[in-house]
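Asker: Need a 3D model of the following:
(2 chains)
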Amino acid sequence: MRHTFRLMICLMAAALLSACVSHPPAKLDYTAYKQSNPRTILVLPPLNNSPDVNASYSVLSQLSYPLAESGYYVLPVALVDATFKQNGLTVAGDIHQVAPAKLREIFGADAALYVTISKYGSTYTVLDSVTVVTASARLVDLRSGVELWKGHASASSAENQNNSGGGLVGMLISAAIRQVANNLSDSGHDVAGVTSLRLLSAGHPNGLLFGPHSPRYGTD
Amino acid sequence: MMKANTPRLALLVAACSLLAACAQAPKTLYQWEAYQPQVYEHFKGQSPQQQITELEKGLERIAAKGNVPPPGYRAHLGMLYAETGRDDLALQQLQAEKAAFPESAVYIDFLLKKYQK
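Answerer: Below is the predicted model:
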């Protein structure tokens, strides 16, 4: 009787503990991506769902680095933007609707990156002011129209902040000052740089694969 | 006293140099200079001449180190040259971009059609 009771306790404990094990996020299926094997990426002007009009260009100007360093040829973003404008496409929403075949014809890229910014800017939460940039992206093969990869990332100015105290009043004042400073100093731009790195760097689980220019191409 | 400590000292120096090697940043594929900040400046409508100066200086620094400018750098500079009326320099940079990255040919040829009158 005692043994059975002890056994039951052990089993219950095991069951409880196994529930605590964190399951890793589902692994992306890279079959289509590897089959497509894109060399060149067309980065489209991002869709901006944040209240800050500066978000699009701030993010767009920082997307080239992680893509190129991952081993892809990235079409020059400013020229691509100009090409769209010269053809009457000034709104990201309209640009994102252009048929893949048309993009392939003009830009000659193997794949296009569709980025959506969901958060960009400082929010004031009374005790603190935090700048957050959150974005998601889809990589679509322009030859087949098939989605190869999608991801999302976020970064925040709170990650590096040291709140040195000064009591509640101190925190309130610091938060207010930081909110004004954040809005004046375009700190969104710096945070957006981190978001872009997290979103588009190859070499981490569910991230982009390495491209042909990378010495690590084919190792993932 | 010194003789007994020399092997220990050598070990310490070796350990320090190993750690220093670890502290060095991994080499990037390209030398980026101010490319991304200048692209941002361009989007904000800043003066093209200022951007040209920065990007030209960057090219010199990259060449001095025997490194390669990133994809788009030369094409972007070419666009700025075209904006300031220097079509010959624009052509030169676009062709350099295509030579360095042949996979850019379709788009560069499309752009060259515009700049060649």
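
Asker: quick one: the helices in chain A?
Answerer: With DSSP state H as the criterion, chain A has helices at A:2-20, A:31-36, A:55-60, A:64-69, A:77-86, A:92-95, A:100-107, A:167-184, A:187-200.

Asker: next one: phi and psi at the residue in chain A positioned nearest to chain B?
Answerer: Closest approach of chain A to chain B (CB to the nearest CB) occurs at residue A:108, with a separation of 2.3 Å. (Each C-beta comes from the backbone N, C-alpha and C, glycine too.) Here is the backbone geometry of residue A:108 (degrees, to the nearest 10): phi 70, psi 20.

Asker: For residue A:95, the count of nearby residues, please.
Answerer: 21 (other CB atoms under 10 Å in any protein chain shown).

Asker: and if you look at residue B:34?
Answerer: Neighbour count of residue B:34, defined by other CB under 10 Å: 16.

Asker: What parts of chain B come near chain A?
Answerer: Within reach of chain A by CB under 8 Å from any CB of the partner chain, chain B has these residues: B:28-30, B:32, B:35-37, B:39-40, B:42-44, B:70-73, B:75-76, B:79, B:97, B:101, B:103-107, B:110-111.

Asker: Select only the buried ones of these in PyMOL?
Answerer: To isolate the buried subset of these in PyMOL, counting by 16 or more other CB atoms under 10 Å in any protein chain shown, use the following:
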select buried, chain B and resi 29+30+32+35+36+39+40+42+43+70+71+72+73+75+76+79+97+101+103+104+106+107+111
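
Asker: Grab the nearest non-local neighbour of residue 56.
Answerer: Just going to use chain A. In space, and not counting its chain neighbours, residue A:56 is closest to residue A:48: 4.6 Å by CB to CB, 6 or more residues apart in numbering or on different chains.

Asker: Chain B, not that one
Answerer: Residue B:56 sits nearest to residue B:77 (CB to CB, 6+ apart), 7.3 Å away.

Asker: still on that earlier bit, quick one, what contacts the residue of chain A closest to chain B?
Answerer: A:40, B:104-107, B:110 (CB atoms under 8 Å, 6 or more residues apart in numbering or on different chains).

Asker: can you check residue A:58 too?
Answerer: Residue A:58 neighbours (CB under 8 Å, 6+ apart): A:120, A:186, A:188-189, A:192, B:40.

Asker: so where does the residue of chain B at minimum distance from chain A fall, helix or strand?
Answerer: Nearest residue of chain B to chain A, counting by CB to the nearest CB: residue B:106, 2.3 Å away. Secondary structure from DSSP states H and E places residue B:106 in helix B:105-115.

Asker: Which strands or helices does that helix pack on?
Answerer: helix A:77-86, helix A:100-107, helix B:73-83, helix B:87-100 (3 or more CB pairs under 8 Å, 6 or more residues apart in numbering or on different chains; DSSP states H and E).

Asker: returning to that earlier point: any chance of CSV for the helices of chain A, columns mean pLDDT and distance to residue A:208?
Answerer: Below are the helices of chain A laid out as CSV (pLDDT from 0 to 100; distance: least, CB to CB, whole Å):
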stretch, mean pLDDT, distance to residue A:208
helix A:2-20, 71, 32
helix A:31-36, 96, 9
helix A:55-60, 97, 16
helix A:64-69, 97, 8
helix A:77-86, 97, 17
helix A:92-95, 97, 21
helix A:100-107, 97, 19
helix A:167-184, 74, 30
helix A:187-200, 93, 6
